[in-house]
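Enquirer: Turn this into a model:
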Amino acid sequence: MKKILALVVGAVVALGCCGCKKDQRPADLPEDMTPCKITLTQEGKPVADATIEFSYSTPMKYTTSASTDENGVATMVTYGFAGAQQGTAKVVVRKLVTEGASEAEEYGETGDSGSDFNVVAAKYRSAETTDLEITIGKENVEETFELGPAVHDPAK
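Expert: Numbers count the residues shown, from 1 in each chain. Here you go, the predicted structure:
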């Protein structure tokens, strides 16, 4: 009888530790978010390591954003959950690169930290000026946006 009791107590403790974690999804986050992939190109080539954020025409409580991979593709997420909220949004794109960092800095030594530059045109970096727009409905969305030539604007 003691062995059975010990097994039951062990099982309850094991379930409590690992199997019964509550979902951390906020109650007001829409359940019907739409899978959405955005591809960014610049002069026809993929834009890796860019940040994309949607600025919806109607106020949204949660941010929809993602970063592009080496192929210029971003799978959009909202508050860490896959998918985009339904509605119409401006597409804001940012990408910074650092130039001139010394090799010493890579090893934790004092050195020139380099300078940060925007490589995406200023008009795409703000919801007020971007002309990129997307409408998210109930169907999966895959959209490609061409960002034109790369720029070399110092970061502020």
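
Enquirer: Identify the residue nearest the geometric centre of the chain.
Expert: The centre of the chain sits closest to Ala66, judged by C-alpha atoms, centre = their mean, with a distance of 1.5 Å.

Enquirer: you'd agree that one is in a strand?
Expert: Yes: counting by DSSP: H, G, I helix; E, B strand; the rest coil, Ala66 falls inside a strand.

Enquirer: can you pull the pLDDT of it?
Expert: Looking at Ala66, its pLDDT stands at 98.

Enquirer: shouldn't it be in contact with Asp49?
Expert: No: Ala66 lies out of contact with Asp49 (C-beta atoms under 8 Å); the separation is 11.5 Å. For glycine as for every other residue, the C-beta is placed from the backbone atoms N, C-alpha and C.

Enquirer: coming back round to it: how about the residue nearest to the centre of the chain, what does it touch?
Expert: With contact set as C-beta atoms under 8 Å, 6 or more residues apart in numbering, Ala66 has these partners: Ile38, Thr51, Ile52, Ala74, Thr75, Met76, Val77.

Enquirer: Same question for Thr41.
Expert: Thr41 makes contact with Val47, Gly72, Thr144, Phe145, Glu146, Leu147, according to C-beta under 8 Å, 6+ apart.

Enquirer: just checking, next helix/strand downstream of the worst-scoring helix or strand of the chain on mean pLDDT?
Expert: Counting by mean pLDDT, DSSP states H and E, the weakest-scoring helix or strand in the chain turns out to be helix 2-14, with a mean of 44. Per DSSP states H and E, helix 2-14 leads on to strand 36-42 as the next helix or strand towards the C-terminus.

Enquirer: Neighbouring strands - and their directions - for that following strand?
Expert: Next to strand 36-42 in the sheet, as set by DSSP bridges, lie strand 45-46 (antiparallel), strand 73-75 (antiparallel), strand 141-146 (parallel).

Enquirer: Figure out which of those strands is closest to Lys90.
Expert: For the strands paired with strand 36-42, the distance to Lys90 is smallest for strand 141-146, at 11.5 Å, taking C-beta to C-beta.
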